[in-house]
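Colleague: how would this look folded up:
(one chain, ligands or ions: 2)
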Amino acid sequence: MPDTILRAEHLKKVFTSGKKSFTAVEDVSFTLERGECLGIVGESGSGKSTIARMITRLIETTEGSVSLLGKDITNIKGKELRAVYREMQMVFQMPMESFDPRRTLGDGIGESLRNAGMSRRDTKIKTEELLEMCGLTPEFAARYPHEVSGGQCQRAAIARALAVNPSILICDEATSALDVTVQKQVLELLINLKEKKNLSFLLICHDLALVQAFCDKVLVLCRGKVVEQGTPDDIINHPKEEYTKILVDSVL
Ligand code: ADP
Ligand code: MG
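Modeller: Residues are numbered from 1 along each chain as shown. Ligands and ions are numbered 1, 2, ... in the order given. This is a model prediction of the structure:
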């Protein structure tokens, strides 16, 4: 039996403002097994971030359901939602989004550790351990987000996400804002973590080379709907749908 950790069923999101409504995501279903990496690809505006934000409860889901380790989390709030964030963490496109600009990176990571129940005394050493795991020296704990590069800030954001020892890491274009060489370094860090920590990943990106290197299976999204799914080899080398062919040709 596969160990399903996350299950999304028939997700739908309708954004409304005044009398206008817009369906950004429709009938999206998938499962994520333990230790697996699922890629979601699609053009800009195809609904990738909306899916991530519904799963992490940053926005309400219009229809459909999300379950984490067999528990329905579609509409949970408060204390129950905080428990979900112990299992599922998100890394954003803009690394600065993970930190308060007025507080040091170490404070941010420490806050996550204490939310996960760690004593103040153990926090400092664990913060340094997490920074090191993400390729940063202990001195980075004292730096403010604006005092480090984008790549360094993203490493610290990953360290912060790992502080709660989650089962799932959702990366929403986590390397898109970085320079190409730094992208590769952060990707190597993620691959390393996947192998070492039995983490499951939801990797949202429009870079098919990244998908090829990292994902076990892929969903192709077009205007909010899944048009094709399969292994990276299916999607990249044997695409069935015209849209996938165009997507592959445009980026590879
Ligand atoms: P992607 O991450 O694939 O680039 P998004 O999920 O951000 O796409 O957006 C999907 C569609 O939903 C886009 O057309 C976007 O304009 C629209 N959208 C996203 N957020 C909102 C919102 N809060 N209100 C209205 N429309 C939105
Ligand atoms: Mg997006």
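
Colleague: name the nearest residue to residue 120, ignoring sequence neighbours.
Modeller: residue 114 (6.9 Å; Cβ to Cβ, 6 or more residues apart in numbering). Using the backbone N, CA and C atoms, a C-beta is placed for each residue, glycine as well.

Colleague: how near is that neighbour to ligand 2?
Modeller: Residue 114 is 30 Å from ligand 2, where distance means Cβ to the ion, to the nearest Å.

Colleague: who are the packing partners of the helix or strand that residue falls within?
Modeller: Using DSSP states H and E, residue 114 sits in helix 105-115. Other elements packing on helix 105-115 under the criterion 3 or more Cβ pairs under 8 Å, 6 or more residues apart in numbering; DSSP states H and E are helix 120-133, helix 150-162.

Colleague: need those in JSON lines with mean neighbour count, distance to residue 183 and mean pLDDT, can you?
Modeller: Output for the helices and strands packed on helix 105-115, formatted as JSON lines (neighbours: other Cβ atoms under 10 Å; distance: least, Cβ to Cβ, whole Å; pLDDT from 0 to 100):
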{"stretch": "helix 120-133", "mean neighbour count": "16", "distance to residue 183": "19", "mean pLDDT": "94"}
{"stretch": "helix 150-162", "mean neighbour count": "25", "distance to residue 183": "8", "mean pLDDT": "94"}
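
Colleague: after the lowest-mean-pLDDT helix or strand in the chain, heading C-terminal, what element do we hit next?
Modeller: None of the helices or strands of the chain scores lower by mean pLDDT, DSSP states H and E than helix 180-197, at a mean of 82. Where DSSP H and E defines the elements, the next helix or strand beyond helix 180-197 is strand 200-204.

Colleague: contacts for the helix or strand just after that next one, please.
Modeller: The C-terminal neighbour of strand 200-204 among helices and strands, as given by DSSP H and E, is helix 208-214. Outside helix 208-214, the residues that touch it by Cβ atoms under 8 Å, 6 or more residues apart in numbering are 37, 39, 41, 175, 187, 190-191, 194, 201, 203, 205, 218, 232, 235-236, 247-248, 251-252.

Colleague: could you pull up the mean pLDDT of helix 208-214?
Modeller: The pLDDT scores in helix 208-214 average 85.

Colleague: can you give me the buried ones in the helix holding residue 114?
Modeller: Across helix 105-115, burial judged by 16 or more other Cβ atoms under 10 Å covers 105-113.

Colleague: can I get it as PDB, trimmed to CA atoms?
Modeller: Output of helix 105-115 as PDB, limited to C-alpha atoms (Å, rounded to 0.1, in the frame of the first residue of the first chain):
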ATOM      1  CA  LEU A 105      17.100  35.300  10.200                       C
ATOM      2  CA  GLY A 106      18.000  33.600  13.500                       C
ATOM      3  CA  ASP A 107      15.000  35.100  15.200                       C
ATOM      4  CA  GLY A 108      12.700  33.900  12.400                       C
ATOM      5  CA  ILE A 109      14.100  30.400  12.500                       C
ATOM      6  CA  GLY A 110      14.000  30.500  16.400                       C
ATOM      7  CA  GLU A 111      10.400  31.500  16.300                       C
ATOM      8  CA  SER A 112       9.500  28.500  14.200                       C
ATOM      9  CA  LEU A 113      11.500  26.200  16.500                       C
ATOM     10  CA  ARG A 114       9.700  27.500  19.600                       C
ATOM     11  CA  ASN A 115       6.300  27.100  17.800                       C
END
